[in-house]
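Student: task: produce atomic coordinates for the following.
(one chain, ligands or ions: 1)
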Amino acid sequence: MPDSVQKVMPGSSDAARHRRDPVLVVDNLVVEHRNRTTGEVFRAVDRVSLRIDAGESVAVVGESGSGKTTLAMAATGLGTRGEGDIRLLGHSLATVSRRDLRRLRPEAQVVFQDPHGSLDPRQSVRSGFAELRGLQRERTSWITDAELLARVRLAPELLDRFPHQLSGGQAQRVCIARALLMRPRLIVADEPTSGLDVSVQADVLNLLREIRATTGAALLMISHDLAVVRSVCDSVHVMFRGRVVESGPCEKVFADPQDDYTRELLAAMPGARWRARR
Ligand SMILES: Nc1ncnc2c1ncn2[C@@H]1O[C@H](COP(=O)(O)OP(=O)(O)OP(=O)(O)O)[C@@H](O)[C@H]1O
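Tutor: Okay, here's the model as predicted:
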């Protein structure tokens, strides 16, 4: 196994050792889709570059349709790959061997917006974990099911529940636990709280923050909610029509936006209120 794909035990000193290694480097990525109505091809992601180091928390914000999810899926090798270079833990997704790709895949885990839609309705929490363990025996042997649930602040009794017996917040915690089981070096959270009651949104964000701190995993947060981004991320890329129009530390971009679109976004988004509170 290449050095860069070696294991990092959550909470271990390895987490600190890997800080500042690039986990994900996206260079000049272009992803095209075909418009379903007109049939025209358009650039959903247009020459986007970004880098996420170990332990870093980076946000991609923009209004609906700006290309955030397409970028995240391409960057983790799950969606249309497109053109340009994507390096996950130093391996170019364009040239990596199938064998190394199989080893790399678990290193990037995605948590989606709709937790119930992400879980198999016919599987209990326990059997869902068992299926993942069957796919990656060595990788997942570091923790028991009950300990895993404890990491996401869920009681062990929930192991025998089915998705429809879980609240939205509990289901999202199960999704996060499933990601955590793989000991990923990168967690992509695509609008992880958008589908949840306001009362549990903060808990889920706290959990993501905690996981990042204890495991050293990098976090790529996709969101349209600036308040969410502000509470979790160090830096932000603002996307507009497939392009990154502004990037920088959250504090700087939100307090002193340079791009007109960023300014509009700040004015239109509920999270913009935070500027007034400062
Ligand atoms: N598989 C696909 N085929 C065709 N068009 C697509 C496909 N996936 C996304 N699109 C289109 O590409 C554009 C970017 O979509 P994307 O989902 O990446 O944006 P987004 O910023 O994540 O938006 P949202 O927050 O609504 O998910 C949109 O116009 C969308 O309709």
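
Student: distance of Thr70 from Met239?
Tutor: Look at Thr70 and Met239: by CB to CB, to the nearest Å, they are 10 Å apart. Placement of C-beta: from N, CA and C, glycine included.

Student: those two: who's more crowded?
Tutor: Regarding Thr70 and Met239, a neighbour count based on other CB atoms under 10 Å identifies Met239 as having more, with 27 against 23.

Student: now for the helix or strand that contains the more buried one, which elements pack on it?
Tutor: Element membership for Met239, per DSSP states H and E: strand 235-240. Strand 235-240 is packed against strand 41-53, strand 57-61, strand 243-249, helix 250-255, helix 260-268, with contacts defined by 3 or more CB pairs under 8 Å, 6 or more residues apart in numbering; DSSP states H and E.

Student: quick check: which of these is buried the most?
Tutor: Comparing the helices and strands packed on strand 235-240 by mean neighbour count (mean count of other CB atoms under 10 Å), strand 57-61 ranks first with a mean of 25.

Student: CA atoms of the helix or strand following that one as PDB?
Tutor: If you walk from strand 57-61 toward the C-terminus, the next helix or strand you reach (DSSP H and E) is helix 68-75. Extracted in PDB, the C-alpha atoms of helix 68-75 (Å, rounded to 0.1, in the frame of the first residue of the first chain):
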ATOM      1  CA  LYS A  68     -21.100  22.500  -5.700                       C
ATOM      2  CA  THR A  69     -22.300  18.900  -5.700                       C
ATOM      3  CA  THR A  70     -20.900  18.200  -9.200                       C
ATOM      4  CA  LEU A  71     -17.500  19.500  -7.900                       C
ATOM      5  CA  ALA A  72     -17.600  17.400  -4.800                       C
ATOM      6  CA  MET A  73     -18.600  14.300  -6.600                       C
ATOM      7  CA  ALA A  74     -15.900  14.600  -9.200                       C
ATOM      8  CA  ALA A  75     -13.300  15.400  -6.600                       C
END
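
Student: what angle sits between the helix or strand following helix 68-75 and strand 41-53?
Tutor: Tracing the chain C-terminally past helix 68-75 and defining elements by DSSP H and E, one meets strand 83-88 next. Counting by axes from the mean of the first three to the mean of the last three CA atoms, to 10 degrees, strand 83-88 lies at 30 degrees to strand 41-53.

Student: circling back: contact partners of the strand holding Met239?
Tutor: The contact list for strand 235-240, computed with CB atoms under 8 Å, 6 or more residues apart in numbering, reads 48, 50, 56-63, 66-68, 71, 229, 244-250, 253-254, 259, 261-262, 265.

Student: just the helices in the chain please.
Tutor: According to DSSP state H, the chain carries its helices in the segments 13-17, 68-75, 98-104, 115-118, 125-135, 145-151, 168-181, 198-215, 226-232, 250-255, 260-268, 273-277.
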